[in-house]
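Trainee: quick one, what's the 3D model for this:
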Amino acid sequence: MNKNHLKFIDKINTTKFKKLKVKMKSEIKIGTDCSGIEAPIQALELLNIPYKHIFSCDNDKHVIKNIEGNYKPEILYDDIFNRDYDNMPYVDGYIAGFPCQNFSTLGKMKGFEEKNGTIFFCCYKTIKVIEPKFFILENVKALVTHNKGKTFESILHELHKLEKYNIYWKVFNTCEYGVPQKRERVYIIGIKKEYDKNFVYPKPIKLEVFVNDIITTDPVDNKFGYLTEHKSKLLNELVDNNKIDNLDKHWSVNLNVSHQKMCYPKLDICPCLLAGNGGDCIFYLTSIKRRYTPREYLNLQGFSLEFKQCVSNSKMYKQVGNSMSVNVLCFIYKSIFESLYYN
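Mentor: Residues are numbered from 1 along each chain as shown. Reported below is the predicted structural model:
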């Protein structure tokens with residue numbers, strides 16, 4: 001099996017960070033919401049950080065199959081809205097990739113205490129009740145500019161009102177942290193002031209792994225190479241219009257569209273993986289003349305080879321497209337742990 005997509009770990013495991021991990025003798029208690037395929041847990045495992053998986057939460061039965069097949073949370077919630085918040089267990093770290101719902105009316109409200117219908121409110125309430133040492137919230141880049149920036153300002157305002165946390169945020173691009181996928185997501189990081197010694201954003205690294213490096217070495221079914229007449233026509237039009245110079249090069253392209261102008265090919269890196277309906281949004285790699293497999297999609301999100309696919313291919317594609325990037329979380333974790341544990 002190909003491990004090239006995990007080379008970013010070498011950039012994290014510096015001598016200094018290895019010494020820090022020795023100090024982290026007790027297990028970190030972790031809880032996640034909108035858990036998906038648990039990129040936050042994957043990142044801890046890749047970093048070899050001792051942890052205790054306290055809870056996960058997801059309402060998709062297909063996601064739950066993958067959670068149960070790969071992880072062992074002590075509690076698995078299936079309803080974020082109707083759980084007993086007052087008796088939720090403590091965690092040191094809380095991570096949630098809350099969906100980008102319609103926040104257009106948020107700025108008119110007095111606060112999230114009145115916004116019971118949004119998942120962000122549930123994440124906010126969880127932080128308020130549990131008071132973890134740190135939290136990470138992830139969303140699409142567009143959240144930053146939604147409603148002329150008012151939505152994001154309101155979210156930050158509510159988090160600052162907690163008063164106990166230093167709040168940081170930044171847009172991270174997956175391909176700037178060692179994995180060849182252009183995926184921009186905003187991460188909001190909160191660290192309790194009493195523990196935050198000196199948080200520093202992780203610096204981007206030079207990309208040394210490209211899409212041809214993450215391709216599986218396992219046999220691949222011929223069905224992944226099948227193209228309809230329309231998709232073959234799109235490829236030819238991309239060449240004719242100089243959007244792709246050579247099909248033997250490593251061009252990742254979306255052929256699940258009506259017109260070649262919507263294909264947005266990328267050379268040597270993959271465009272942002274999409275969730276869609278799963279099987280209808282898979283990128284095609286010209287150099288190998290086929291679509292990426294679910295395992296290769298997992299590679300493009302930084303998942304370990306130990307992850308087991310417990311659902312159909314279409315469900316797997318969708319879940320990977322909805323996931324956080326494991327490599328980005330690894331770098332964020334490193335910065336958080338350096339702030340928490342260095343004297």
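Trainee: is Ile41 within a helix or a strand, and which one?
Mentor: helix 39-46 (DSSP states H and E).
Trainee: contacting residues around the helix or strand in which Phe55 is found?
Mentor: Using DSSP H and E, Phe55 falls within strand 51-57. Around strand 51-57, the neighbours that count as contacts under Cβ atoms under 8 Å, 6 or more residues apart in numbering are 27-35, 38, 41, 44, 67, 71-78, 80, 83, 88-91. Quick note: C-beta positions are derived from backbone N, CA and C, even for glycine.
Trainee: repeat that for 7 Å
Mentor: 27-35, 38, 41, 44, 67, 71-77, 80, 89, 91 (Cβ atoms under 7 Å, 6 or more residues apart in numbering).
Trainee: any idea how far stretch 77-91 is from the middle of the chain?
Mentor: 22 Å (Cα atoms, centre = their mean, to the nearest Å).
Trainee: my bad, stretch 207-219
Mentor: Stretch 207-219 sits 19 Å away from the centroid of its parent chain (Cα atoms, centre = their mean).
Trainee: what about that stretch, how long is it end to end?
Mentor: Start-to-end span of stretch 207-219 (Cα to Cα, to the nearest Å) is 27 Å.
Trainee: ranges for the strands of the stretch 151-300 of the chain?
Mentor: 165-173, 184-192, 251-253, 266-267, 284-285, 290-291 (DSSP state E, counting those that start in this stretch).
Trainee: deepest-packed of those strands, please.
Mentor: Greatest average neighbour count among the strands of the stretch 151-300 of the chain goes to strand 251-253 (a mean of 25), per mean count of other Cβ atoms under 10 Å.
Trainee: in its sheet, what does that one sit against?
Mentor: Here strand 251-253 is paired, per DSSP bridges, with strand 266-267 (antiparallel), strand 284-285 (antiparallel).
Trainee: could I get those as TSV with mean pLDDT and distance to Val257?
Mentor: Output for the strands paired with strand 251-253, formatted as TSV (pLDDT from 0 to 100; distance: least, Cβ to Cβ, whole Å):
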stretch	mean pLDDT	distance to Val257
strand 266-267	98	14
strand 284-285	98	11
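Trainee: nearest residue to Leu247 in space, please, no chain neighbours.
Mentor: Thr286 (4.4 Å; Cβ to Cβ, 6 or more residues apart in numbering).
Trainee: pLDDT value on the one you found, please?
Mentor: Looking at Thr286, its pLDDT reads 98.
Trainee: try Asp248
Mentor: Confidence score, pLDDT, at Asp248: 97.
Trainee: for it, which non-adjacent residue is closest in space?
Mentor: The nearest residue in space to Asp248 (Cβ to Cβ, 6+ apart) is Ser287, at 5.9 Å.
Trainee: the strands paired with strand 251-253: which one's closest to Lys243?
Mentor: Taking Cβ to Cβ, strand 266-267 is the member of the strands paired with strand 251-253 nearest to Lys243, at 10.4 Å.
Trainee: hmm, who's touching that closest one?
Mentor: 182, 249-252.
Trainee: quick one: distance of that strand to the chain centre.
Mentor: With Cα atoms, centre = their mean, you get 21 Å for strand 266-267.
Trainee: just stretch 133-148 next, same as before
Mentor: On Cα atoms, centre = their mean, the centre of stretch 133-148 falls 13 Å from that of its chain.
Trainee: if we can go back for a sec, who does the strand holding Phe55 pair up with?
Mentor: Partners of strand 51-57 in its sheet, by DSSP bridges: strand 28-33 (parallel), strand 75-77 (parallel).
Trainee: now the buried members of the contacts of strand 51-57.
Mentor: Listed as buried from the contacts of strand 51-57 are 28-35, 38, 41, 44, 67, 71, 73, 76-77, 80, 91; burial here means 16 or more other Cβ atoms under 10 Å.
Trainee: so which helix or strand of the chain has the lowest pLDDT on average?
Mentor: helix 15-23 (a mean of 89; mean pLDDT, DSSP states H and E).
Trainee: tell me which strands and helices that one is in contact with?
Mentor: If contacts are counted by 3 or more Cβ pairs under 7 Å, 6 or more residues apart in numbering; DSSP states H and E, helix 15-23 sits against helix 326-341.
Trainee: list the buried residues in the helix it packs on.
Mentor: 326-340.
Trainee: export the strands paired with strand 51-57 as CSV, with columns for mean pLDDT.
Mentor: Putting the strands paired with strand 51-57 into CSV (pLDDT from 0 to 100) gives the following:
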stretch, mean pLDDT
strand 28-33, 98
strand 75-77, 98
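Trainee: Asn299: which of those strands is closest?
Mentor: Each of these was scored for nearness to Asn299 using Cβ to Cβ, and the closest is strand 28-33 (21.6 Å).
Trainee: contacts for that closest one?
Mentor: In contact with strand 28-33 (Cβ under 7 Å, 6+ apart) are residues 38, 40-41, 44, 49-57, 80, 90-96, 122-123, 126.
Trainee: for the stretch 51-200 of the chain, which residues score under the pLDDT cut-off?
Mentor: 100-117 (pLDDT under 70).
Trainee: do that again at 90, thanks
Mentor: Applying pLDDT under 90 to the stretch 51-200 of the chain flags residues 98-118, 121, 142, 146-148, 150-151.
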